[in-house]
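# model the structure of this input:
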Amino acid sequence: MNPADLSTNPFSHVATIGHDPERGPEKPGVCVKVLSARDRDRLQTHFLALDGSARLLRFGMVFPDELITRFVEDINFARDTMFGVYDSMLMLAGVGHLAFTRREQALPVVVRATSKEYVGEFGVSVSASARGMGIGTRLFERAAIHCRNADVDTLYMHFLSYNRSMIHIAKKFGMEIHHEHGEADAYLKLRPANPASASQEVVEEKVAKLDYTLKLEARLRSLIEAEGRYRALLETTPAISYMADLTDEVKMHYVSPHTASLLGFSVQEWLTDPERWVKQLHPMDRDRVLDAFNDTFVSGMPFAMEYRLVTRDDTSKWFQDQDVVITDAIQKRSYMYGTMVDITNSKAAEAQHPGPDED
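Numbering: from 1, shown residues only. Okay, the predicted model is just below:
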């Protein structure tokens, strides 16, 4: 049996190595999807989440965050092929990197193994929470099929000699391993492409895209349900809760209905007038509040202040305003989530009964 002879069971959506139908149905596997430049932020999140030892095994040294950021920015998706396995949260649980190198630029042991113009070099990383699930093996299988269909007959890996995951993959596929000075090189000779390998790659990519779509729909459903529960909670709480987009300018996306009873302005009036909050700031508080808010807008740090807002009938109410800023790395947008609690009565009580230092 040749380890590069890959076949697919279209019902289980999983590739296996020389699967024998007489051994029964295959176990469900993981779906591997080709990544594009649109996934660059997810790739950066994946690599930055790797701890020091994982970075050492993946890159051959402990890359600091700035080098990982530069590495991701420099990925050429037109030249290299990136494969990914998404978890249910649409985060990359595993990443495979397939680069095609000209034969004369490869290691001598690889040069002697092929007469083709290019050879394939494979690197892989798997998130800590997803290890031991066969993700690295599936990524390698996908890379091998892609090499065959690209008329590349040699796939090799360069890794540290104590990288057990890479050694496991190399031995599982029957790769020839060469050790030298604490490092190792392993290469695998691949069969030529045929109609079966070509159709397999197409089918696997379609299945992976379907898998991604289903996970996305499930994720959106859970977010919608969570938002519904959150809004129901907010709308039964005697406070004004809000959500605003801070990406380019401040744009209010949500205000709880209590704004009508506490300030006399409808939800629609808040959402359609981007200056509403600024207009209602008490003149004696406006400068200090806006200075603090601008600091939050620039830095993304939490905002927490006590200040007065002027109601529709020109009375003043004290509010304790607390919010956090959450950045969506994938969509590159920042959102502010906050709650304004009416503390007018407690402020009045403080004024009537000042503390010892205020006498």
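
# check the secondary structure at Tyr337 for me.
Here Tyr337 is recorded as strand under DSSP: H, G, I helix; E, B strand; the rest coil.

# what count of nearby residues applies to it?
Tyr337 has 15 neighbours, counted by other CB atoms under 10 Å. Just so you know, the C-beta spots here come from the backbone N, C-alpha and C atoms, and that holds for glycine as well.

# also Leu98?
By the other CB under 10 Å criterion, the neighbourhood of Leu98 contains 24 residues.

# try Ala54
Ala54: 18 neighbours (other CB under 10 Å).

# repeat that for Leu271.
Applying other CB under 10 Å, we find 15 residues neighbouring Leu271.

# that's a helix at it, yeah?
Yes - Leu271: assigned to a helix according to three-state DSSP.

# now do the longest helix along the chain: which elements does it pack against?
The residue-count maximum for a helix in the chain (DSSP state H) belongs to helix 195-234. Applying 3 or more CB pairs under 8 Å, 6 or more residues apart in numbering; DSSP states H and E, one finds that helix 195-234 contacts strand 6-9, strand 33-34, strand 81-86, helix 135-149.

# who does the second one pair up with?
Taking DSSP bridges as the criterion, strand 33-34 forms sheet pairs with strand 81-86 (antiparallel).

# run the angle between the strand it pairs with and helix 135-149 for me.
For strand 81-86 against helix 135-149, the angle by axes from the mean of the first three to the mean of the last three CA atoms, to 10 degrees is 150 degrees.

# could you report the pLDDT at Thr236?
Looking at Thr236, its pLDDT reads 67.

# check Lys332 too.
Here, the pLDDT recorded for Lys332 equals 66.

# how is this protein divided into domains?
For the chain, automatic domain parsing gives the domain ranges 6-216, 235-358.

# among the ones you listed, which is the most enclosed?
Ranked by mean neighbour count, these are led by domain 6-216 with a mean of 17 (mean count of other CB atoms under 10 Å).

# ok now that one, how far from the chain's centre?
A distance of 19 Å separates the centroid of the chain from that of domain 6-216, by CA atoms, centre = their mean, to the nearest Å.

# got a list of what Ser125 touches?
Counting by CB atoms under 8 Å, 6 or more residues apart in numbering, Ser125 touches 46-47, 50, 54, 57-58, 94-95.

# SS state for it?
Classification of Ser125 using three-state DSSP returns strand.

# who's it bridged to?
Going by DSSP bridges, Ser125 forms beta bridges with Val95.

# put the alpha carbons of the strand or helix carrying Tyr156 into CSV.
Using DSSP states H and E, Tyr156 maps to strand 154-160. C-alpha atoms of strand 154-160 as CSV (Å, rounded to 0.1, in the frame of the first residue of the first chain):
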residue,chain,number,x,y,z
THR,A,154,8.0,15.0,-3.6
LEU,A,155,6.6,16.5,-0.4
TYR,A,156,9.1,17.2,2.4
MET,A,157,9.1,18.5,5.9
HIS,A,158,11.9,20.1,7.9
PHE,A,159,11.6,20.0,11.6
LEU,A,160,13.4,19.7,15.0
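
# contacting residues for the nearest residue to Arg138 once chain neighbours are set aside?
Of all residues not flanking Arg138 in the chain, Val30 sits nearest, at 5.1 Å (CB to CB, 6 or more residues apart in numbering). For Val30, the contacting residues are 14, 85, 94, 133-135, 138, by CB under 8 Å, 6+ apart.

# rebuild those as a markdown table, extending it with pLDDT.
Listed next are the contacts of Val30 as a markdown table, based on pLDDT from 0 to 100:
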| residue | pLDDT |
| --- | --- |
| Val14 | 36 |
| Val85 | 95 |
| Gly94 | 96 |
| Met133 | 90 |
| Gly134 | 91 |
| Ile135 | 94 |
| Arg138 | 94 |
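
# look up how far His97 lies from Arg58.
9 Å (CB to CB, to the nearest Å).

# joint contacts of those two?
Common neighbours of Arg58 and His97, using CB under 8 Å, 6+ apart, are 123-124.

# ok, now which ones touch Arg333?
Contacts of Arg333 by CB under 8 Å, 6+ apart are 245, 247, 327.

# report the contact partners of Val255.
Residues in contact with Val255 (CB under 8 Å, 6+ apart) are 240-242, 267, 270-271.

# doesn't Asp245 make contact with Pro274?
No - between Pro274 and Asp245 there is no contact under CB atoms under 8 Å: 10.7 Å.

# so what's in contact with those two at the same time?
Joint contacts of Pro274 and Asp245 (CB under 8 Å, 6+ apart) are Lys251.

# isn't Lys317 up against Thr311?
Yes - with contact defined as CB under 8 Å, Lys317 reaches Thr311; the gap is 6.1 Å.

# returning to that earlier point: the residue nearest to Arg138 in helix, strand or coil?
Per three-state DSSP, Val30 ends up coil.

# would CSV of the contacts of Val30 with distance to Lys172 be doable?
Formatted as CSV, the contacts of Val30 follow (distance: CB to CB, whole Å):
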residue, distance to Lys172
Val14, 15
Val85, 17
Gly94, 16
Met133, 14
Gly134, 10
Ile135, 13
Arg138, 12
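
# nearest to Arg219, of those?
Val85 (15.6 Å; CB to CB).
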